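Colleague: Structure for this input, please:
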Amino acid sequence: MNTQSHPRPSARACELVRGAYDLHVHTSPDIMPRSASDLELAYRCRQWGLAGFVIKSHYVPTAERAALVRSLVPDIHVLGSITLNSAVGALNTMAVEIAAREGACIVWMRSVDAVNEMTEQFSLPPGAKRPQWARLQQELRDQGVKSEPVRVVDEQHQVLPEVRSVLRSIATHDLVLATGHLDRDEIFAVVEAALVEGVRQIIVTHPDYPAENLSAEDQAALAERGAFLERCFTTPYMGKIS
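Modeller: Just a heads-up that it's a prediction; the model follows:
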């Protein structure tokens, strides 16, 4: 993001985020253009008084990148994560275990390979504008590299055994579970299973995002279960919601 083309934050806004962490940031290096690199964002956090951020990638674990940035900018606490899309083997407990040992702090359920996301994107009419990741998915499919939707529940809407295995790993390492781009019913099923498996920290990823679009009542119900509701600045800033 070119900081010259966007308004400077007010003094009040700066004070509100002083010492805070941004838990959902897509930075480069990535397979698609990003507005800042890991290192550039660390310098910006230092400039604006933030304590740190979590690097999110749809495709690769990021704990190693985070460790490198911490060594270069030690006063900014940069953390890694993993997103359970097909690129890391989907619901892959081994991948979660390795990520945890490398210092990852958040495990996202699938995003670009979510059933609702893939169904929506591939049903768009020709010429419709797609997100960068959706265009990449289509490019790979055109090349014959196809990934199936990553399902988290069965036909009876029961959480799959692979999901419970991942949740137990998250609980063992006291990681944060984020729901990613699951749909409404999947979110409720996974949150309930996570609580049963002993996961202590749960984030419902951008519940007002079009792919999730949880009602106020649903959000309240999830908050009553102890989940945090993530509000992403870009969702209203880019006009996805009012």
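Colleague: Lowest-scoring secondary structure element of the chain by mean pLDDT?
Modeller: The weakest-scoring helix or strand in the chain, judged by mean pLDDT, DSSP states H and E, is helix 115-122 (a mean of 61).
Colleague: On the C-terminal side of it, identify the next helix or strand.
Modeller: Sequence-wise, the next helix or strand downstream of helix 115-122 (DSSP states H and E) is helix 132-142.
Colleague: With only the CA atoms kept, save that next one in CSV.
Modeller: Backbone C-alpha positions of helix 132-142 (Å, rounded to 0.1, in the frame of the first residue of the first chain) are rendered in CSV as follows:
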residue,chain,number,x,y,z
GLN,A,132,-6.2,-12.2,-6.6
TRP,A,133,-6.3,-15.6,-5.0
ALA,A,134,-9.3,-16.7,-6.9
ARG,A,135,-7.6,-15.8,-10.2
LEU,A,136,-4.6,-17.8,-9.1
GLN,A,137,-6.9,-20.8,-8.3
GLN,A,138,-8.4,-20.6,-11.8
GLU,A,139,-5.0,-20.3,-13.4
LEU,A,140,-3.9,-23.5,-11.6
ARG,A,141,-7.1,-25.3,-12.6
ASP,A,142,-6.5,-24.3,-16.2
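Colleague: Give me the packing partners of it, helices and strands only.
Modeller: Using 3 or more Cβ pairs under 8 Å, 6 or more residues apart in numbering; DSSP states H and E, the elements in contact with helix 132-142 are helix 115-122. For every residue, glycine as well, the C-beta is placed using N, CA and C.
Colleague: dump the residue contacts of Ala66.
Modeller: Shown in contact with Ala66 (Cβ atoms under 8 Å, 6 or more residues apart in numbering): Asp38, Val54, Ile55, Val78, Leu79, Gly80, Gly103.
Colleague: Sketch out the low-pLDDT regions of this protein for me.
Modeller: Counting by pLDDT under 70, the chain shows low-confidence ranges at 1-4, 117-131.
Colleague: Walking through it, point out its strands one by one.
Modeller: All strands of the chain, identified by DSSP state E, fall at 21-25, 52-55, 77-83, 104-108, 176-178, 201-204, 228-229.
Colleague: Each with direction, which strands does the second one pair with?
Modeller: When you say that, I think you mean strand 52-55. strand 21-25 (parallel), strand 77-83 (parallel) (DSSP bridges).
Colleague: looking at these, which is buried most?
Modeller: Ranked by mean neighbour count, these are led by strand 77-83 with a mean of 23 (mean count of other Cβ atoms under 10 Å).
Colleague: now it against strand 104-108, angle please.
Modeller: 30 degrees (axes from the mean of the first three to the mean of the last three Cα atoms, to 10 degrees).
Colleague: Run through the residues that contact Ser165.
Modeller: Ser165 sits next to Leu91, Thr93 when contact means Cβ under 8 Å, 6+ apart.
Colleague: biggest helix in this structure, by residue count?
Modeller: When the chain is parsed with DSSP state H, its longest helix is helix 184-197.
Colleague: Restrict that one to CA atoms and write it as CSV.
Modeller: Presented in CSV, the C-alpha positions along helix 184-197 are these (Å, rounded to 0.1, in the frame of the first residue of the first chain):
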residue,chain,number,x,y,z
ARG,A,184,-21.8,-20.0,9.2
ASP,A,185,-22.7,-23.7,10.1
GLU,A,186,-19.1,-24.8,9.8
ILE,A,187,-18.0,-22.1,12.1
PHE,A,188,-20.4,-23.2,14.8
ALA,A,189,-19.5,-26.9,14.4
VAL,A,190,-15.7,-26.2,14.6
VAL,A,191,-16.0,-23.8,17.5
GLU,A,192,-18.0,-26.3,19.5
ALA,A,193,-15.5,-29.1,18.7
ALA,A,194,-12.6,-26.8,19.6
LEU,A,195,-14.1,-26.2,23.0
VAL,A,196,-14.5,-29.9,23.6
GLU,A,197,-10.9,-30.6,22.5
